[in-house]
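Engineer: Fold the stuff below for me.
(one chain, ligands or ions: 1)
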Amino acid sequence: MANPDPEFVAFLRAYPTYPATHMIDDLRANEYASLDIGGHVYLDYTGGGLYAESQLRRHNQLLVEHVFGNPHSSNPTSQAATQLVEHAREYVLRFFNADPDEYLAIFTPNASGALKLVGESYPFPNGRYLLTFDNHNSVNGIREFAHARGAEVTYIPIALPDMRVDASQLDRELARPSKNGHNLFAYPAQSNFSSVKHPLEWIEKAHKNGWDVLLDAAAFVPTSRLDLSEVKPDFVPVSFYKMFGYPTGIGALIARKSALSKLHRPWFAGGTITVASVQGDKYYLADGASAFEDGTIDYLNIPAVEIGLKHLESIGYDVIRERVHCLTGWLLDHLTAMKHSNGIPLVRVYGPTTTEGRGGAVTVNFYDKYDNALDHLFIEKQANEANISLRTGCFCNPGAGEVALGISRVELDVCFTRPGHEDRLSIDDFRLCIDGKSSGAVRISVGMVTNFNDVQGFLGFARGLLS
Ligand SMILES: Cc1ncc(COP(=O)(O)O)c(C=O)c1O
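Structural biologist: Take a look at the predicted model:
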């Protein structure tokens, strides 16, 4: 046997499908060599994916062998750039199995850029904005546009220990859309805090009740297939670096054309118009994706998106899903079993403790043998010293954080209305204010090229915190 380690043998016994993912081990050795050369234990895939060397080579070759000009011109070099960008755009739709008659792919700087496009353009007056507590700040931020334009904003709570949504409350809210305005419902396909996969069935249910649906897929698509011929959300933001590491700085808003036609852009910019006049004080927006792509798009890097999508396809979501399932299961099994000598558990998991209906991020806080929480910043410092890359804090998901950490509305009101804190509150001020409670957690996230040694490395680190 290649690896006689008894723990590996036990792992294979518990997760017998793991060897079916061995192509990832070969790939990692050849294409992600810097991980192991550098002795890195990388466990922040929800923060950012990693890139294969071949992605860089292919992209570099493309740039070296051609000349590309600004696509807003129409000379030969700009036509060459346009051709590649449009090819990448078509490829994005094909990757998500989206019918080009039904969906458009708009390139944005990241998922947040895609979300802002929706927020600033959605016809909120007299309407409603419904969203789950469990959402990234870039989805929460849309509420400011909704408030400013007089929409009713409603949050649907999530509950411990699994941090899933109370379905009856969601049903109740979905059943009462505004009759005088438009209704937008936003939730993450996968939580970037607890890794819960929220049901995709909500999309159809919301549509039946007259809602447009914004499905934040940023944390979902790095390890799960989103098939837009099966589910039909109206707006889908993604960040490509989360899927395959390179390039950074490009995301997309994949939008249903019927929903997109409801949006009213608050301004125009270079590239978004057919005609704009100074003396005539008039402008005409371009058709399709162009109307939403402000200025010059990142035309040299957009072709690398197609390279990355093809790389992900060459591995396949089935293999990635199996890999993530096995390693997350082993991580959860062992982390939740760790106890101090007096029986006090080492960690508290925020979210599901089995692999059912969840992705590959495990969010916890560590406790000492007196059951006192260890500060997440202390854990991060220790992990850094062991060359383990993980993420701590609230991961830009304050709603899930407040529920997980038991921070109440009243406590928050007290902090936010303290003299001197009406306009400014630093994270240190906030930590002081909720004195005695954790202000964050530790997220360990498994991804496309994680291996058994990475997870064992982390479990060994965790074991070192036992007393
Ligand atoms: C679920 C989710 N939505 C949105 C975002 C925002 O992505 P970006 O920072 O790339 O704009 C993130 C990033 O962590 C995320 O996890």
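
Engineer: got the residues of the stretch 251-400 of the chain near the ligand?
Structural biologist: Counting by C-beta under 6 Å from any ligand atom, the residues of the stretch 251-400 of the chain lying close to the ligand are G251. Where you see a C-beta, it was placed from the backbone N, CA and C, and this is true even at glycine.

Engineer: And the helices in the stretch 251-400 of the chain?
Structural biologist: Counting by DSSP state H, counting those that start in this stretch, one finds helices in the stretch 251-400 of the chain at the ranges 257-260, 302-315, 317-337, 376-385, 398-405.

Engineer: Mind putting those helices into CSV with mean neighbour count?
Structural biologist: Converted to CSV, those look like this (neighbours: other C-beta atoms under 10 Å):
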stretch, mean neighbour count
helix 257-260, 17
helix 302-315, 21
helix 317-337, 20
helix 376-385, 16
helix 398-405, 21
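
Engineer: out of these, which comes closest to S168?
Structural biologist: helix 398-405 (17.4 Å; C-beta to C-beta).

Engineer: Using PDB, write out every CA atom in the next helix or strand after the closest one.
Structural biologist: Using DSSP states H and E, the helix or strand that follows helix 398-405 in sequence is helix 409-417. Below are the C-alpha coordinates for helix 409-417, written out as PDB (Å, rounded to 0.1, in the frame of the first residue of the first chain):
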ATOM      1  CA  ARG A 409     -30.100  42.900  19.000                       C
ATOM      2  CA  VAL A 410     -30.100  44.600  22.400                       C
ATOM      3  CA  GLU A 411     -26.400  44.200  22.800                       C
ATOM      4  CA  LEU A 412     -25.800  45.600  19.300                       C
ATOM      5  CA  ASP A 413     -28.100  48.600  19.900                       C
ATOM      6  CA  VAL A 414     -26.100  49.400  23.100                       C
ATOM      7  CA  CYS A 415     -22.800  49.300  21.100                       C
ATOM      8  CA  PHE A 416     -24.100  51.300  18.200                       C
ATOM      9  CA  THR A 417     -25.600  54.100  20.300                       C
END
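
Engineer: what sits up against the helix or strand just after helix 409-417?
Structural biologist: Next along the chain after helix 409-417, taking DSSP H and E as the criterion, comes helix 427-433. The contact list for helix 427-433, computed with C-beta atoms under 8 Å, 6 or more residues apart in numbering, reads 411, 414-415, 418, 421, 425, 439.

Engineer: does V236 really touch D212, like I thought?
Structural biologist: No: in terms of C-beta atoms under 8 Å, V236 does not count as a neighbour of D212; the distance is 11.9 Å.

Engineer: who's more crowded, these two?
Structural biologist: Per other C-beta atoms under 10 Å, whichever of V236 and D212 has more neighbours is V236, with 29 against 24.

Engineer: which residues does the more buried one bridge with?
Structural biologist: I254 (DSSP bridges).

Engineer: The contacts of helix 427-433 also near the ligand: which ones?
Structural biologist: Residues of the contacts of helix 427-433 in contact with the ligand (C-beta under 6 Å from any ligand atom): none.

Engineer: Out of those residues, the closest to S314 would be?
Structural biologist: Using C-beta to C-beta, the shortest approach to S314 within those belongs to S439, at 41.5 Å.

Engineer: Can you give me the distance of the spatially closest residue to the closest one that is not a sequence neighbour to the ligand?
Structural biologist: Spatially, and ignoring its direct neighbours in sequence, S439 is nearest to R431 (4.7 Å; C-beta to C-beta, 6 or more residues apart in numbering). R431 sits 22 Å away from the ligand, going by C-beta to the nearest ligand atom, to the nearest Å.

Engineer: and R431, how many neighbours does it have?
Structural biologist: Residue neighbour count, defined by other C-beta under 10 Å, stands at 15 for R431.

Engineer: Now name the helix or strand holding Q83.
Structural biologist: Using DSSP H and E, Q83 falls within helix 76-95.

Engineer: Could you identify the helix or strand that succeeds that helix?
Structural biologist: Following helix 76-95 toward the C-terminus (DSSP H and E): strand 103-108.

Engineer: Please identify the pairing partners of that next one and their relative orientation?
Structural biologist: Applying DSSP bridges, one finds strand 103-108 paired with strand 251-256 (antiparallel).

Engineer: what angle sits between the strand it pairs with and helix 76-95?
Structural biologist: If you take axes from the mean of the first three to the mean of the last three C-alpha atoms, to 10 degrees, strand 251-256 sits at 60 degrees to helix 76-95.

Engineer: What residues sit buried inside strand 251-256?
Structural biologist: 251-256 (16 or more other C-beta atoms under 10 Å).
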